[in-house]
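J.: the sequence and its predicted three-dimensional model are supplied below.
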Amino acid sequence: MQITERIIEDSILAPLGAASLRPDTKIISGRNWYQVMTPSVKTESLNEVIISRIEKSDLEQKVREVFAMYAEHSLPFKWLTGPMSAPDELRAMIAPLAETSWGFRGMAASCDLELAGPAEATTELLTEHNLDAFLAVFIEGWNQREFSDNFEREFRQALLPNSQRAYYLSRYKGEAAGVAGTIFKPTYGYLTSSVVLSKFRGLGIYKSLVRERLSDLRARGFTHAVTQAREATSAPILERLGFATTFKGTVYRFAAGTRI
């Protein structure tokens, strides 16, 4: 597919509003800024800076404010950098403080992309009937046992009429093996939450989940899908499947209490 400026921007902005919020989640947003903070969640999953295009003259003060905000609640957090951040000096300022970091890519594909999957794998839309199996795979795959009640509420909401989310369960020879999700944006689909249990990896389950989501998006009238994929895991697989890279970036993760 042809990668346009619009598709690049879609892949950058797709995570905005995508998180399933908790009652105490705070969204700090404005022109060129989008940040999430959730004091009750002691992981970086709902504590992150997604868009941070800062004037150079304000850089030091703004960065100090962000670190102090999370440190006050003893929260770990992550900071996305790449085309969603500026100026270049931002990365140099925060990188030495990071506990860890990883590369990621924005990626996109046409919903007309045709993919073949293994005959032993079947993928189905999340319903009340397969919710327990879906939850078991999601919680094990993402190691989220302490938040299992929150996730059950989230996935039940996806079953409501007019939900802007859909989730999928893939089985291998009838055994629950992998899960994934799609968030329906106004003009595209955002692929998210994909995980395959370790004993089923390498069998085409991930490919089946991608194929099903693209097919569903196509049936709903969407033309393209975007995602943000880790360089070390999902990105090479998606590239082999026919997804195009729209940008590259780095995520920095900071331990609870880190200050600058």
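T.: Right, received. Where do you want to start?

J.: any regions of the protein where pLDDT drops low?
T.: Where the chain drops to pLDDT under 70, the residues are 146-148.

J.: next one: the residue nearest the centre of the chain from Ser52, what distance?
T.: Nearest to the mean C-alpha position of the chain, counting by Cα atoms, centre = their mean, stands Thr192 at 4.8 Å. Distance of Thr192 to Ser52, given as Cβ to Cβ, to the nearest Å: 21 Å. In this view, the C-beta of every residue, glycine as well, is placed from N, C-alpha and C.

J.: need the contact partners of stretch 85-101.
T.: With Cβ atoms under 8 Å, 6 or more residues apart in numbering as the test, stretch 85-101 has contacts from 32, 51-54, 56, 59-60, 63, 67, 76, 79, 81, 249-255, 258, 260.

J.: who's in contact with the most far-flung residue of the chain relative to its centre?
T.: If you look at how far each residue of the chain sits from its centre, by Cα atoms, centre = their mean, the farthest one is Ser57, at 31.1 Å. Residues counted as contacts of Ser57 (Cβ under 8 Å, 6+ apart): none.

J.: returning to what we had before: for PyMOL, write a command that selects the buried ones of the contacts of stretch 85-101.
T.: Buried members of those, defined by 16 or more other Cβ atoms under 10 Å, are picked up in PyMOL with:
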select buried, resi 51+52+54+59+63+67+76+79+81+249+250+251+252+253+254+258
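
J.: now go through the contacts of stretch 85-101 and say which are in helices.
T.: Counting by DSSP state H, the part of the contacts of stretch 85-101 found in helices is 59-60, 63, 67.

J.: which strand or helix spans Gln35?
T.: Secondary structure from DSSP states H and E places Gln35 in strand 33-37.
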